[in-house]
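Visitor: Here is my input, please return the structure:
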Amino acid sequence: MLFSTIMLTSSLLPQMVHGQEKPLTQFVHPYIGSKGHGHVFVGANVPYGAVQLGPSQTMQSWDQFNGWDWCSGYNYISDDILGFTHTHLSGTGIGDLNDLMIVPATGHLELQPAHRLDMNTGYGSNFKKANEVVKPGYYATYLDKYKVRAELTATTRVGFHHYHFDIADSAHLLVDLEFNMCWDSPVETTIKKINDTTFVGYRFSKGWANDQRLFFAIKTSLPVTQLQLFNSNEALAGTEAKGKGIKAAMYFDAARHPDIFLKVGISPVSEENALGNITAELPGWNFEQVKTNADLAWNKELNKIDFSADEATKTTFYTALYHSHFFPSVFNDHNGDYRGTDKKVYTHQKFTNYTVMSLWDTYRGLHPLMTVIDPALVKDMVHSMLMIYKQQGRLPVWPLEGCETDCMIGNPAIPVIADAYMKGLIDPADIALAYEAVKNTAMRKANGLQFVQELKYIPADSMTIESVAWGLEYAIADYGVAQMAKKLGKTKDAAYFNKRAGLYKQYWDASRGHFVGRLADGSFRKEFDPLEAKHRSNDYCEGNGWQYTWLVPQDAKGLVNLFGEKKFQTSLDSFFNMSSSLGQGSSPDISGMVGQYAQGNEPSHHVAYLYAVIGQPWKTADIVREVMEKYYTNTADGLCGNEDAGQMSAWYVLSAMGFYPMNPMNGTFVFGSPLMNQAVIRLAGNKQFDIIVKNNSKENKYIQKVVLNGANYTKSFFLYKDVMKGGKMEIYMGNKPSATFGVKQADRPI
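Guide: Predicted structure coming up:
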């Protein structure tokens with residue numbers, strides 16, 4: 001179903017701003033991906049905002065599979081809300097954050113969250129979907145139990161609440177610093193009354209982010225007439241409290257003033273900075289203006305690409321573009337202060353510090369997309385990672401709120417930095433440090449790197465699980481180091497890391513036609529089932545032997561040579577056409593199946609584009625069209641797997657425009673099959689790159705020819721630098737594969 005509850009009427013459409021901007025937030029349906037395994041955040045935020053202000057619901061225990069689908073705090077199928085929290089993860093498989101719970105309530109004070117399916121057992125309320133409104137930068141609902149209308153919006157570092165109380169019976173706001181998702185537990189919390197309308201405090205917690213420090217400030221539009229403090233369920237005296245699970249009940253006169261507004265600033269540094277963030281970003285109390293500003297902020301980001309297609313496709317596209325701008329999120333204060341991974345405070349910094357980087361997922365597509373549409377973000381994000389390197393002695397893997405989670409495998413920061421460097425997106429002052437960081441990270445002796453450094457495979461009997469996956473991911477990252485070394489004139493390093501980039505070949509079992517775990521004695525595993533996909537218990541990571549057979553994006557031609565071109569083709573055909581069965585105990589991330597291809601998990605994302613390497617780009621068109629039509633829809637379950645902090649959406653944004661970075665570090669985009677009639681990519685310096693698609697339709701999915709800046713273009717790929725210069729590309733489509741486009745050896749991807 002389409003979500004009529006969030007469609008804007010023509011009278012509510014935002015006005016054209018800055019002359020060229022279109023009202024594109026009308027095409028965003030934030031519910032997409034909120035049902036099933038999408039795990040997207042639903043609530044109020046601005047692009048890359050530190051605050052993600054939205055509902056937190058009850059969830060089943062984490063050891064039950066369904067509980068996993070509430071890890072963002074929200075799932076479309078639920079009809080309950082415990083309260084509203086200020087930080088959320090989006091599209092991950094992780095139950096962390098949901099910090100700083102606020103519950104607008106009436107009646108008897110309840111200090112513990114209600115149990116699932118029974119809102120009378122604690123705080124929380126049921127709600128009706130018909131009363132819920134979700135738009136970019138805005139969330140609203142009605143809490144049936146409390147008879148409260150809730151509206152939320154946000155700036156970068158401040159959440160703005162508006163609550164209207166239909167009844168005044170003991171109206172209060174509960175601030176619950178004990179509340180946590182299943183991965184997170186408070187360690188120390190505090191709240192202090194400054195005056196009748198100002199409160200400050202902090203929440204230190206341990207979870208996936210193993211030492212998270214969140215400072216906050218709350219300003220209310222009405223005076224708090226009574227304040228009650230608790231440590232968990234124990235009542236405390238006074239106006240200040242410290243403990244493991246501090247809670248505050250703030251009562252006000254709802255009989256005379258049924259509307260109350262709250263400004264909640266957060267900071268990784270201090271209570272003073274949280275107050276300063278409010279002063280800097282939200283000095284007034286005009287909720288509608290802040291809501292409008294949030295819409296305009298989203299509209300500005302969406303206008304980076306003017307995508308012309310039918311309404312359903314535009315909705316899917318712009319919702320994907322919206323989701324791709326949640327993370328990385330800002331992790332500093334208005335004055336430039338931030339807390340490093342070493343827990344030291346760095347003051348008055350001149351860059352925007354970022355956190356929440358799901359790098360194993362996002363290096364593949366999200367970051368190459370941002371090098372086109374947001375190069376300033378890329379520069380600051382790379383600088384953020386380099387500062388993490390200086391603080392913890394290695395590049396990040398999955399940084400979260402000033403902590404290193406070490407989630408997933410390989411060296412996934414290296415491809416991001418290498419790609420940025422090769423595209424000229426690292427500040428000159430950072431280049432030496434960037435190379436030092438990628439090299440030193442690649443030369444650590446941990447997680448199998450000690451074998452890689454000796455130009456050897458990682459023995460499966462030296463690593464409990466995932467040896468092949470680690471080895472293949474290291475080879476991808478090492479390609480990035482080699483490219484940087486070559487451009488920097490470090491020929492010895494370049495030669496060494498090029499050899500490491502080719503170590504994937506040592507896992508190749510020619511007799512089986514797959515990458516297979518090898519033991520220390522040189523033999524391949526005798527027991528091997530390429531379809532076996534037990535979750536993180538084999539030689540692969542969230543996948544099987546078939547899916548990891550293609551994980552060589554840095555050297556696709558070398559992979560073809562391992563097979564031989566004919567065998568490569570037949571194996572790739574088989575991959576997309578065989579049974580999708582995965583067996584018992586498979587990872588829930590392996591979803592969105594086309595044969596054994598898994599759109600729901602990132603190692604598959606480049607695989608359809610490999611057909612271009614053997615001169616058969618029409619097969620890429622067949623697969624990507626099927627994936628886009630089947631697994632990206634306008635429904636709540638319109639994502640087939642974890643959104644993964646923007647990567648699933650970035651794949652669609654790129655593929656819907658007709659191309660994808662098969663190799664995320666060599667500055668090329670491989671053609672697929674565009675869905676639009678035209679796309680205008682707005683670039684820095686008032687330049688733009690126009691893509692005009694002729695004769696496009698559901699049937700006409702095959703590229704017949706391409707004209708680039710007036711000249712016939714026969715290659716099945718094009719260059720990043722061609723896009724960034726600005727220009728015009730015309731793509732002509734037809735209902736049968738072209739016999740010439742992208743077929744010749746010289747026209748295949750480099």
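
Visitor: contacts, neighbours, all on C-alpha from now
Guide: Fine.

Visitor: and the residue positioned nearest the centre of the chain, what are its phi and psi?
Guide: The structure's the chain has its C-alpha centroid closest to Ala645; by Cα atoms, centre = their mean the separation is 1.0 Å. The phi/psi pair for Ala645 (degrees, to the nearest 10) reads phi 50, psi 30.

Visitor: which ones are touching it?
Guide: Each residue near Ala645 by Cα atoms under 8 Å, 6 or more residues apart in numbering is listed here: 89-92, 323-324, 326-328, 356-358, 362.

Visitor: again with Arg149
Guide: Counted by Cα under 8 Å, 6+ apart, Arg149 has contacts 140-143, 163-166.

Visitor: switch to 6 Å and redo it
Guide: Residues near Arg149 by Cα atoms under 6 Å, 6 or more residues apart in numbering: 142, 163-164.

Visitor: Same check on Asp144?
Guide: 126-127 are the contacts of Asp144 under Cα under 6 Å, 6+ apart.

Visitor: what do you get if the cut-off is 8 Å, keeping everything else the same?
Guide: By Cα under 8 Å, 6+ apart, the neighbours of Asp144 are 125-127.

Visitor: Dump those residues into TSV; add distance to Ile476 and secondary structure as well.
Guide: Below are the contacts of Asp144 laid out as TSV (distance: Cα to Cα, whole Å; DSSP: H, G, I helix; E, B strand; the rest coil):
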residue	distance to Ile476	secondary structure
Ser125	49	strand
Asn126	48	strand
Phe127	48	coil
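
Visitor: Please tell me which one of the residues you listed counts the most neighbours.
Guide: Compared across these, Ser125 has the highest neighbour count, 25 neighbours, by other Cα atoms under 10 Å.

Visitor: Pretty sure that one sits against Ser78.
Guide: No. Using Cα atoms under 8 Å, Ser125 is not in contact with Ser78, being 11.3 Å away.

Visitor: Looking at the contacts of Arg149, state which has the most neighbours.
Guide: Tyr142 (23 neighbours).

Visitor: Sort out which residues of the longest strand along the chain are buried, please.
Guide: In the chain, taking DSSP state E as the definition, the longest strand is strand 185-195. If you call a residue buried by 16 or more other Cα atoms under 10 Å, then strand 185-195 has these buried ones: 185-193.

Visitor: Let me have those in JSON lines, adding pLDDT as columns.
Guide: Output for these, formatted as JSON lines (pLDDT from 0 to 100):
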{"residue": "Ser185", "pLDDT": "94"}
{"residue": "Pro186", "pLDDT": "97"}
{"residue": "Val187", "pLDDT": "98"}
{"residue": "Glu188", "pLDDT": "98"}
{"residue": "Thr189", "pLDDT": "98"}
{"residue": "Thr190", "pLDDT": "98"}
{"residue": "Ile191", "pLDDT": "98"}
{"residue": "Lys192", "pLDDT": "98"}
{"residue": "Lys193", "pLDDT": "98"}
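
Visitor: So which of those residues is the closest to Met657?
Guide: Proximity of the buried residues of strand 185-195 to Met657 (Cα to Cα) peaks at Ser185, which lies at 43.0 Å.

Visitor: Which strand residues bridge the closest one?
Guide: For Ser185, the beta-bridge partners are Lys206 (DSSP bridges).

Visitor: thought it was touching Arg203?
Guide: No. Contact criterion Cα under 8 Å: Ser185 and Arg203 do not qualify, at 10.0 Å.

Visitor: With just CA atoms, put stretch 36-52 into CSV.
Guide: Output of stretch 36-52 as CSV, limited to C-alpha atoms (Å, rounded to 0.1, in the frame of the first residue of the first chain):
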residue,chain,number,x,y,z
GLY,A,36,10.6,-6.6,8.0
HIS,A,37,14.4,-6.5,7.9
GLY,A,38,14.9,-2.9,6.7
HIS,A,39,15.5,-1.5,10.2
VAL,A,40,15.3,2.1,9.1
PHE,A,41,14.9,5.0,11.5
VAL,A,42,11.5,6.6,11.6
GLY,A,43,11.3,10.0,13.2
ALA,A,44,12.6,13.5,12.9
ASN,A,45,16.1,14.4,11.8
VAL,A,46,18.1,16.6,9.4
PRO,A,47,20.8,15.4,7.0
TYR,A,48,23.6,13.8,8.9
GLY,A,49,22.1,15.1,12.2
ALA,A,50,23.5,14.1,15.5
VAL,A,51,19.9,14.0,16.7
GLN,A,52,17.5,11.3,15.4
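
Visitor: pLDDT on it, on average?
Guide: Average pLDDT, stretch 36-52: 96.

Visitor: helices or strands next to the longest strand of the chain in the packing?
Guide: strand 198-206, strand 240-243, strand 246-251 (3 or more Cα pairs under 8 Å, 6 or more residues apart in numbering; DSSP states H and E).

Visitor: and Glu110, which of those strands is closest to it?
Guide: Of those, nearest to Glu110 by Cα to Cα is strand 246-251, at 9.5 Å.

Visitor: Would you reformat the contacts of Ala645 as CSV and include distance to Ile465 and pLDDT?
Guide: Below are the contacts of Ala645 laid out as CSV (distance: Cα to Cα, whole Å; pLDDT from 0 to 100):
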residue, distance to Ile465, pLDDT
Leu89, 27, 96
Ser90, 27, 96
Gly91, 25, 92
Thr92, 22, 92
His323, 32, 98
Ser324, 31, 98
Phe326, 32, 98
Phe327, 30, 97
Pro328, 29, 98
Val356, 26, 98
Met357, 24, 98
Ser358, 21, 98
Thr362, 23, 98
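
Visitor: burial measure for Tyr609, as a count.
Guide: The local packing of Tyr609 (other Cα under 10 Å) involves 28 other residues.

Visitor: Correct me if wrong, but it is in a strand.
Guide: No. Tyr609 is assigned helix when assessed by DSSP: H, G, I helix; E, B strand; the rest coil, not a strand.

Visitor: Now it: closest residue in space that isn't a chain neighbour?
Guide: Spatial nearest neighbour of Tyr609, chain neighbours left out: Thr620 (5.4 Å); criterion: Cα to Cα, 6 or more residues apart in numbering.

Visitor: now swap in Ser56 and tell me
Guide: Gly73 (4.5 Å).

Visitor: Might one say that the one you found is in contact with Met101?
Guide: No. Under the criterion of Cα under 8 Å, Gly73 is not in contact with Met101, lying 11.5 Å apart.
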